[in-house]
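A.B. asks: here's a sequence, model it:
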Amino acid sequence: MYYITSNDGTKIAVYDYNPQGKQTVFLIHGWPLSHQIFEYQINLLTDCGYRVIAVDLRGFGRSDTPVCGYSYDQMSEDIFQIVRQLCLKNFILAGFSMGGAIALRYMNRYNGFGVCKLILLSAAAPCFAQRPDFPYGKTVQEVNDLINLAGTDRPQLCLNFSKQLFATPHSDAVIDWFRDIALSASGIGTIKCAVSLRDEDGRADLRCVHVPTYIIHGDKDIIVSKELAQIQHAGICGSKLITLPDSGHGIVYDQLDKFNSIFMDSIAF
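C.D. replies: Modelled structure (predicted):
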């Protein structure tokens, strides 16, 4: 692990696995987690000869926790700084949940600089919260409730979230693992990224994707509805939508073997 300094001086934790790999896969985690959620994809990717770049977004994991800079514009700038400073080219960009929305903003703001393929995993895009002309996703009140709980009982928020991730049964140890990852986030990052989830509108980002795109979504996702995946598919020209019928939001683990097979096929083709 090393740090890349972003344009506002924030130090972003970057994990570079198998630097001599045949091709680079860049992984962006979601709210309120860290790069650790990709453990079982990182192992598989590196075993198959890929280089993997994973990041802890600002306010999460081992990255700095500034008091500001949690907009999608700034977090996509953080991604751009990593890409530029590591001289990444022809890489595959994969984003989970909020990380998918940030990946889409990167495609918009930086014309997909260096990206040869995009993979959206349970992506909280284009809008996580409803608005007058967009009746999909969570209500504003539901997101406000999350923000309020993060500000008063963040351990309970993390426990609730970890229990809502899966549609298939998992051990208490797995639930505890995801809760502990969520607890490793800062309170500031947890709250301010939830505000961004509520307020950001990424509909224009969909039109800016001009690379092969795979959208992988759980049919039983109760955090990011399957309607949002369908909107992504309709808005990204030539995209492919793959639905896992028995998976929830935690698609990277819920049906692990099936997901990994689909994920690796998406990377290879």
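
A.B. asks: pretty sure His210 is touching Gly112, no?
C.D. replies: Yes: between His210 and Gly112 there is a contact under Cβ atoms under 8 Å: 6.5 Å. Any C-beta I mention is one placed from the backbone N, CA and C, and that applies to glycine too.

A.B. asks: list the buried residues for stretch 30-50?
C.D. replies: Using 16 or more other Cβ atoms under 10 Å as the test for burial, stretch 30-50 gives 30-38, 41-42, 44-45, 50.

A.B. asks: farthest-separated two in those residues?
C.D. replies: Spatially, the most separated pair among the buried residues of stretch 30-50 is Pro32 and Tyr50, at 26.9 Å (Cβ to Cβ).

A.B. asks: Asp246: helix or strand, and which one exactly?
C.D. replies: Following DSSP states H and E, there is no helix or strand that holds Asp246.

A.B. asks: now do the contacts for it.
C.D. replies: Neighbouring residues of Asp246 by Cβ atoms under 8 Å, 6 or more residues apart in numbering: 167-168, 218-220, 254-255.

A.B. asks: of those, which is the most crowded?
C.D. replies: Greatest neighbour count in the contacts of Asp246, by other Cβ atoms under 10 Å, goes to Gly218: 28 neighbours.

A.B. asks: tell me the pLDDT at the closest residue to that one other than its chain neighbours?
C.D. replies: Among residues not flanking Gly218 along the chain, Ser247 sits closest, at 3.3 Å (Cβ to Cβ, 6 or more residues apart in numbering). Per-residue confidence (pLDDT) for Ser247: 98.

A.B. asks: contacts only, for Ser247.
C.D. replies: 166-168, 218-221, 254-255, 258-259.

A.B. asks: again, only using 7 Å
C.D. replies: By Cβ atoms under 7 Å, 6 or more residues apart in numbering, the contact set of Ser247 is 167, 218-220, 254-255, 259.

A.B. asks: of His210 and Gly112, who's got more company?
C.D. replies: Neighbours were counted for His210 and for Gly112 using other Cβ under 10 Å; Gly112 has more, 19 against 14.

A.B. asks: secondary structure class of the closest residue to the more buried one other than its chain neighbours, three-state.
C.D. replies: Distance criterion Cβ to Cβ, 6+ apart; nearest residue to Gly112, sequence neighbours excluded, is Val211 at 5.8 Å. Assigned with DSSP: H, G, I helix; E, B strand; the rest coil, Val211 falls in the coil class.

A.B. asks: distance check, Val211 against Ala103.
C.D. replies: Separation of Val211 from Ala103 (Cβ to Cβ, to the nearest Å): 11 Å.
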